[in-house]
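Peer 1: turn this into a structure:
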Amino acid sequence: MRTVYLFLLAASLLFVGCKKDVKSPAEMLEGKWIITSQEVLATVVAGDGSYLTFNACSSSCNGTDYKASDMTSGTFEYVLNNDATQIVIVDNSPDGGSYNATWDILELTEDSFRITGSTILGNLKIEMTKG
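Peer 2: Residues are numbered from 1 along each chain as shown. Sure, this is the predicted structure:
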């Protein structure tokens with residue numbers, strides 16, 4: 001009987017020790033995301049150092065964008081829907097790039113963020129990694 005109790009104690013400690021902190025989609029989105037590639041009309045262009053930074057939300061959600069090709073940065077506001085399938089970005093200026101759109105989220109993990117949206121040229125897919 002004593003071995004059963006020891007086994008149960010050891011098993012419960014094992015499960016308690018393996019508990020991971022699960023982040024919400026909003027928490028995973030926070031931080032700097034470096035653009036690794038963009039695809040439009042089946043043409044993939046490698047990232048050039050441009051990035052988006054999503055700040056933690058307080059009364060509103062905002063961030064900054066940086067465009068490496070002309071070294072400009074701008075600000076934007078964003079809304080992430082409850083099930084993290086869409087993000088609406090309201091870009092406040094053309095500096096830093098123009099991400100003003102409703103984007104479908106293809107993937108959002110702690111280190112990978114992929115979105116797609118419609119443009120006049122067709123769908124644009126942007127892939128990013130946490131920086």
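Peer 1: drop to CA atoms for contacts and neighbour counts, all remaining ones
Peer 2: OK.
Peer 1: avg pLDDT for stretch 69-86?
Peer 2: For stretch 69-86, the mean pLDDT works out to 97.
Peer 1: how about it: buried residues?
Peer 2: By neighbour count on 16 or more other CA atoms under 10 Å, the buried set for stretch 69-86 is Ser73, Gly74, Thr75, Phe76, Glu77, Tyr78, Val79, Leu80, Ala84, Gln86.
Peer 1: export these to CSV and tack on distance to Ser59 and secondary structure?
Peer 2: What follows is the buried residues of stretch 69-86, written out as CSV (distance: CA to CA, whole Å; DSSP: H, G, I helix; E, B strand; the rest coil):
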residue, distance to Ser59, secondary structure
Ser73, 23, strand
Gly74, 20, strand
Thr75, 16, strand
Phe76, 14, strand
Glu77, 11, strand
Tyr78, 12, strand
Val79, 12, strand
Leu80, 14, strand
Ala84, 19, coil
Gln86, 20, strand
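Peer 1: and Thr53, what does it touch?
Peer 2: By CA atoms under 8 Å, 6 or more residues apart in numbering, the residues touching Thr53 are Glu30, Gly31, Lys32, Trp33, Gly63, Thr64, Asp65.
Peer 1: what's opposite it in the beta bridge?
Peer 2: Beta-bridge partners for Thr53, by DSSP bridges, are Lys32, Thr64.
Peer 1: ok, and what's touching the one helix or strand Tyr66 maps to?
Peer 2: Assessed by DSSP states H and E, Tyr66 sits inside strand 62-67. Residues outside strand 62-67 that contact it (CA under 8 Å, 6+ apart) are 49-56, 72-78, 95-97.
Peer 1: having no further points to raise, I will conclude here.
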